[in-house]
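Peer 1: mind looking at a prediction? Sequence and model below.
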Amino acid sequence: MDPETAAELIRNQSGTARERTVDRPVEELELETAIARNVRRLRLQAGLSVGDMAARAGISKAMLSKIENAQTSCSLSTLARLSTAFDVAVTSLFGGADVERSAVFVKAGEGSAIVREGSREGHEYELLGSLRGEHKRLECLLVTLTEKSVTQPLFQHPGTEFLYMLEGVMDYAHSRSVYRLAPGDSMQLDGEGVHGPVDLIELPVRFLSVIAFPDSAV
């Protein structure tokens, strides 16, 4: 996928993507994500630009941008500056950090068999689970991973994502859980929970990624 096409994806425009070193616990990122979401929400509610908010809080514009994109860990002094600038309690910046995002994990061959009206002999339908939500747009990607790295991408975006493993084995994190996915395994997950591959066990890894975005993300 060329960089221009990648930039057009809603998951990149409406969410966050960052790198995680392989030895860093995924749980640590949930707090950074909550702070990023709350700081951005409070700034937009105040009607301030990143530059204006940074000046009010006494931090650099670059630092505030990193905080809003969950690309850095806030020090206690920075959190104090932000809470003062927003005129809220420090604890308000952590809101939602304890929310467990939903996901549906189905092992290969363990989906529910269903019979559809008009089904023909030799046609099998397997229900791989469902998550509720109103979705207006789909993005479907075939992902191929061929090399291990000391960092792995982690994503967060509006809507619901469906993954289906085609080849290889990988450990995939979502929110506070890690799942081992092998060919035939599938997941449906809440895109607001931080997610992404944390370890590539057998290469190459190939999987389908389908994201259903809500109207608000379009």
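Peer 2: Perfect, I can see it now. Numbers count the residues shown, from 1 in each chain.
Peer 1: list the contacts of Glu19.
Peer 2: 151-154 (CB atoms under 8 Å, 6 or more residues apart in numbering). C-beta coordinates here come from the backbone N, C-alpha and C atoms, glycine included.
Peer 1: which one of the residues you listed is nearest Pro183?
Peer 2: Nearest to Pro183 among the contacts of Glu19 is Gln152, at 19.9 Å by CB to CB.
Peer 1: re the thing from before, is it possible to mark the buried ones in the contacts of Glu19?
Peer 2: 152, 154 (16 or more other CB atoms under 10 Å).
Peer 1: pass me the low-pLDDT residue ranges in this structure, would you?
Peer 2: For the chain, applying pLDDT under 70 flags the ranges 1-18, 27-28, 97-100, 113-136, 216-218.
Peer 1: now the residue nearest the centre of it, which residues is it bridged with?
Peer 2: What sits nearest the mean C-alpha location of the chain, by CA atoms, centre = their mean, is Gln156, with 2.5 Å. Counting by DSSP bridges, Gln156 is bridged to Thr16.
Peer 1: cool, His174 as well?
Peer 2: Ser177, His195.
Peer 1: coming back round to it: any idea how far Val50 is from the residue nearest to the centre of the chain?
Peer 2: Distance of Gln156 to Val50, computed by CB to CB, to the nearest Å: 19 Å.
Peer 1: tell me which stretches of the chain form strands.
Peer 2: 16-21, 103-106, 112-114, 125-127, 137-145, 151-156, 160-174, 177-181, 186-190, 195-213 (DSSP state E).
Peer 1: show me how the protein divides into domains.
Peer 2: Split into domains by automatic domain parsing, the chain comes to 9-94, 103-217.
Peer 1: quick one: the first one to chain centroid distance?
Peer 2: It refers to domain 9-94. 16 Å (CA atoms, centre = their mean, to the nearest Å).
Peer 1: buried residues, stretch 193-212. List them.
Peer 2: 193-198, 200, 205-207, 209, 211-212.
Peer 1: just how off-centre is that stretch within its chain?
Peer 2: 11 Å.
Peer 1: use 742 as the first number for this chain going forward.
Peer 2: Happy to do that; since the first residue is 742 now, the last one works out to stretch 934-953.
Peer 1: mind exporting the C-alpha coordinates of that stretch to CSV?
Peer 2: Only the C-alpha atoms of stretch 934-953 are listed here, as CSV (Å, rounded to 0.1, in the frame of the first residue of the first chain):
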residue,chain,number,x,y,z
GLY,A,934,-9.5,-0.3,22.4
VAL,A,935,-5.8,-0.2,21.6
HIS,A,936,-5.0,-3.1,19.3
GLY,A,937,-2.3,-4.6,17.1
PRO,A,938,0.1,-7.5,16.7
VAL,A,939,2.5,-7.9,19.6
ASP,A,940,4.5,-10.9,18.5
LEU,A,941,4.8,-12.7,15.1
ILE,A,942,5.2,-16.4,15.9
GLU,A,943,5.2,-18.0,12.5
LEU,A,944,5.9,-16.0,9.3
PRO,A,945,4.6,-14.9,6.9
VAL,A,946,1.4,-13.7,8.6
ARG,A,947,-1.5,-12.9,6.4
PHE,A,948,-5.0,-11.8,7.6
LEU,A,949,-8.0,-9.9,6.5
SER,A,950,-9.0,-6.7,8.3
VAL,A,951,-12.5,-5.2,7.9
ILE,A,952,-13.5,-2.1,9.7
ALA,A,953,-17.0,-0.8,10.0
